[in-house]
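Engineer: Output the structure for:
(4 chains)
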There are 2 protein chains.
Amino acid sequence: MALPVAAVPLRADKIGNARPFLSLEGRQKLALIASLSRYDAGEVLFHEGDRATCILNIVSGVGKSYSFLPDGREVIQAFLFPNDLIGPLDGDYFISTVKAITPLVAYSLPLAALLQLLQSDPNLQWQFLTKACHELRLAQQHAIALSQNSAKQRLLMLLNLLRLHNEPLGAEASQIHLPMSRADIADYTGLAVETVSRALHQLQREGVIRLINPQCIEIMDQAIFTAALVSEG
Amino acid sequence: MALPVAAVPLRADKIGNARPFLSLEGRQKLALIASLSRYDAGEVLFHEGDRATCILNIVSGVGKSYSFLPDGREVIQAFLFPNDLIGPLDGDYFISTVKAITPLVAYSLPLAALLQLLQSDPNLQWQFLTKACHELRLAQQHAIALSQNSAKQRLLMLLNLLRLHNEPLGAEASQIHLPMSRADIADYTGLAVETVSRALHQLQREGVIRLINPQCIEIMDQAIFTAALVSEG
DNA sequence: CGCGGCGTTGATATTAATCAATACCCGTGG
DNA sequence: CCACGGGTATTGATTAATATCAACGCCGCG
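Structural biologist: Here you go, the predicted model:
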């Protein structure tokens, strides 16, 4: 039986620290084997169980990687942002489905060529290893946030995650864009959609945030946010 | 400011697939720079914020890596088992505290020497990268299990994790040893200790498990277990 | 104008946290 | 050998939170 292989997003963002995705040199080497792909909003990039022939490096747009529970519910393991890598480095198959939430553009890197490149270039491979470690931390933080049984805490964690991805947009730092639906938020936080809605409005009543519209939230109280972050250096 | 660095356990176990921790060749190379360390039960191996000078490869015993929430509660990010690696590969500091649950023996690998070795040996580095990807999947599964708001499901997930680490012991495959306290289980699953106790006893009433003693559980209904596993190949 | 998807709001049921008390295990010392 | 004490596990009663069921509002689109 084949190895189960996850969508492994290797994120380039930072949690307080600037972290370039790859060195200039690394990008140039990868560019030699890359080609550009475009996807519509709602389009599935990979299905769970698909054989992986390439991995993607998101240029623009937002995606999600998810699986289905036995009861048919959807669980979102991660939202995928520009500079994220999607695909199994250590196996042949996708263990989760990946879908575009917004229109999405990505570089496609043939897996065979990539692996060969990594084997021949310890520095480049090291950058991937570093990113995997970083991604592992994000997954652990996600788990930590989920282990706190509070709807508000879970949502604040997600908002903070989204905030980190806002900056490149040059938008007001205090405004957070939510490209995904309430259902997606619910599936990521493990809450019911109704609870998501209620908790957001409660945070608004408490003066922490302001709901400009369903897809845009303004942070009113920065202090609460830092309080929601768990053990970050 | 220094990079935040997680305890990065790179697990050698498998989820359905045998996965040697390292090749024989890799082990031999690491042995050249390793030394043996012993820890008592309850002893702290590393404190959050410690500068990392070495990473550990657990030989025997069980540990836990955890942080504290603002309210003082403890969150366990991972239990650590033989063959796990503990330590930051991509930074200088530990982001979580690591404590021995049982007496613990580990190989200590000086970080500087290890990094140099990885730089010079793409094959060895590849094995570390593979393990990081594998570990990432485990963390994502942990998150998935936590996102299900059911005490029973969360506990079944943990029991399954422990079951995978039982096999080397040669014990009856259906018996699971729980080296950690109920408080540790609560901190890992995000439940209250009382809920852990109640849910375990409820599972016993339902005929799924049998509580031989607080530290030993027998699986009575294997089918329920597979049902608790989410999207495993 | 009506339809359908999405988001919100309300009422109720279920679940787990919390507070409090008791039982168990085990080592120590009388 | 047995009483004692401290940590750990369990059980009970109550409270708080969220899931669930149901309805409604909003809005873009045919």
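Engineer: quick one: what helix or strand has A:Leu156 in it?
Structural biologist: helix A:151-166 (DSSP states H and E).
Engineer: what's the answer for A:Pro179, then?
Structural biologist: Here A:Pro179 is assigned to no helix or strand, by DSSP H and E.
Engineer: re earlier: flag every buried residue along the helix holding A:Leu156.
Structural biologist: A:151-163, A:165 (16 or more other CB atoms under 10 Å in any protein chain shown). The C-beta positions use only the backbone N, C-alpha and C, and glycine is treated the same way.
Engineer: nearest to A:Leu22, of those?
Structural biologist: A:His165 (17.8 Å; CB to CB).
Engineer: And the closest one, how close does it get to chain B?
Structural biologist: As judged by CB to the nearest CB, to the nearest Å, A:His165 and chain B stand 18 Å apart.
Engineer: pLDDT value on that residue, please?
Structural biologist: pLDDT, A:His165: 84.
Engineer: Excluding chain neighbours, what is closest to it?
Structural biologist: In this structure, A:His165 finds its nearest non-sequential neighbour in A:Phe81, 4.7 Å apart by CB to CB, 6 or more residues apart in numbering or on different chains.
Engineer: Please report how far the one you found lies from B:Ser23.
Structural biologist: Plainly put, A:Phe81 is 35 Å away from B:Ser23 if you go by CB to CB, to the nearest Å.
Engineer: neighbour count winner among those two?
Structural biologist: Regarding A:Phe81 and B:Ser23, a neighbour count based on other CB atoms under 10 Å in any protein chain shown identifies A:Phe81 as having more, with 21 against 12.
Engineer: Which helix runs longest in chain A?
Structural biologist: The helix spanning the most residues in chain A, taking DSSP state H as the definition, is helix A:122-147.
Engineer: Buried ones in it, by neighbour count?
Structural biologist: So helix A:122-147, judged by 16+ other CB under 10 Å, has buried residues A:122, A:124-147.
Engineer: Give me the below-cutoff pLDDT ranges for chain A.
Structural biologist: A:1-20, A:167-172, A:228-233 (pLDDT under 70).
Engineer: By proximity to DNA strand D, which residue of it wins?
Structural biologist: Across chain A, the shortest distance to DNA strand D (CB to the nearest atom of the strand) belongs to A:Thr195, at 2.9 Å.
Engineer: what about that residue, neighbour count?
Structural biologist: Using other CB under 10 Å, A:Thr195 has 16 other residues around it.
Engineer: How is chain A divided into domains?
Structural biologist: Domain segmentation of chain A under automatic domain parsing yields A:24-139, A:148-228.
Engineer: Out of those domains, which gets nearest to DNA strand C?
Structural biologist: Using CB to the nearest atom of the strand, these put domain A:148-228 closest to DNA strand C, at 3.3 Å.
Engineer: now for the longest helix of chain A, which elements pack on it?
Structural biologist: helix A:24-31, strand A:74-80, helix A:111-120, helix A:151-166, strand B:74-80, helix B:111-120, helix B:122-147 (3 or more CB pairs under 8 Å, 6 or more residues apart in numbering or on different chains; DSSP states H and E).
Engineer: Same list (the ones you listed) but as TSV, adding distance to A:His201.
Structural biologist: Converted to TSV, these look like this (distance: least, CB to CB, whole Å):
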stretch	distance to A:His201
helix A:24-31	43
strand A:74-80	22
helix A:111-120	45
helix A:151-166	11
strand B:74-80	28
helix B:111-120	48
helix B:122-147	22
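Engineer: what about those, which gets the closest to A:Val44?
Structural biologist: Using CB to CB, the nearest of these to A:Val44 is strand A:74-80, at 12.8 Å.
Engineer: what residues does chain A put near DNA strand D?
Structural biologist: Contacts of chain A with DNA strand D, taken as CB under 7 Å from any atom of the strand, map to A:Asn149, A:Ser150, A:Ala151, A:Lys152, A:Gly190, A:Leu191, A:Ala192, A:Glu194, A:Thr195, A:Ala199.
Engineer: Quickly check: stretch A:185-203 near DNA strand C or not.
Structural biologist: Yes - using CB under 7 Å from any atom of the strand, stretch A:185-203 comes into contact with DNA strand C via A:Val193, A:Glu194, A:Val196, A:Ser197, A:Arg198, A:Leu200, A:His201.
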